[in-house]
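**Student:** need a structure here:
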Amino acid sequence: MFVDVGCFSNGTIGWGLILKNHEGTVVHNECKLDTVEVDPCMAEALGVRWALSSGIQWLKLSSDALNVVDCVNMCALVAAIDPIISDCWNLIEQIPFVMVNHVSRELNTEDYNLVSLTKNIGSRS
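**Tutor:** Residues are numbered from 1 along each chain as shown. Next comes the predicted model:
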């Protein structure tokens, strides 16, 4: 699963996630738009928490937010997102297999495109 989040100038954030099977075929995608003003680090942490709460029991989660991935993997601490990271750890405890890893933005283009779609939807409302 790939997750990405974008913060927009109109006070919204767009979230996108793509789930692929072991063959690389997209089996689920989802995007949403929320009206909340947060900094990019918090937005990415919220996106990872959203993905972890998907109910999938075997999950390799990839994000281009290295600082958030490092926090989830207990390699770093960012005080501002610590409550969200704690939520992530609680969700991870409920999943039989989960791995959270960093992926470069270049490899996360499908999610980036979903996030861009939410921006276009939000600007029309």
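**Student:** Could you tell me how far stretch 74-93 lies from the centre of the chain?
**Tutor:** With C-alpha atoms, centre = their mean, to the nearest Å as the basis, stretch 74-93 stands 13 Å off its chain's centre.
**Student:** Just the terminal-to-terminal distance for it.
**Tutor:** 14 Å (C-alpha to C-alpha, to the nearest Å).
**Student:** go on, stretch 24-41?
**Tutor:** 28 Å.
**Student:** do the same with stretch 70-82
**Tutor:** Stretch 70-82 end-to-end distance (C-alpha to C-alpha) = 12 Å.
**Student:** now it: mean pLDDT?
**Tutor:** What stretch 70-82 shows for mean pLDDT is 97.
**Student:** Kindly report the same for stretch 53-61.
**Tutor:** 89.
**Student:** And for it, what's in contact with it?
**Tutor:** With C-beta atoms under 8 Å, 6 or more residues apart in numbering as the test, stretch 53-61 has contacts from 1-3, 17, 19, 48, 51-52, 91, 95-101. Yep, even glycine has a C-beta here, placed from its N, CA and C like the rest.
**Student:** Keep only those of these that are in strands.
**Tutor:** The strands, defined by DSSP state E, take in 2-3, 17, 19, 97-101 from the contacts of stretch 53-61.
**Student:** Can you tell me the closest non-neighbouring residue to Val5?
**Tutor:** Spatial nearest neighbour of Val5, excluding adjacent residues (C-beta to C-beta, 6 or more residues apart in numbering): Gly47 at 3.8 Å.
**Student:** now do Pro40
**Tutor:** Cys7 (5.3 Å).
**Student:** what sits against that neighbour?
**Tutor:** Here Cys7 is in contact with 13, 37-40, 43 (C-beta under 8 Å, 6+ apart).
**Student:** Let me see the ranges of the strands in the protein.
**Tutor:** Under DSSP E, the chain gives strands at 2-7, 12-20, 26-35, 58-63, 97-102.
**Student:** Burial-wise, tell me which of those comes out on top.
**Tutor:** With neighbours defined as mean count of other C-beta atoms under 10 Å, those peak in mean count at strand 2-7, which reaches a mean of 26.
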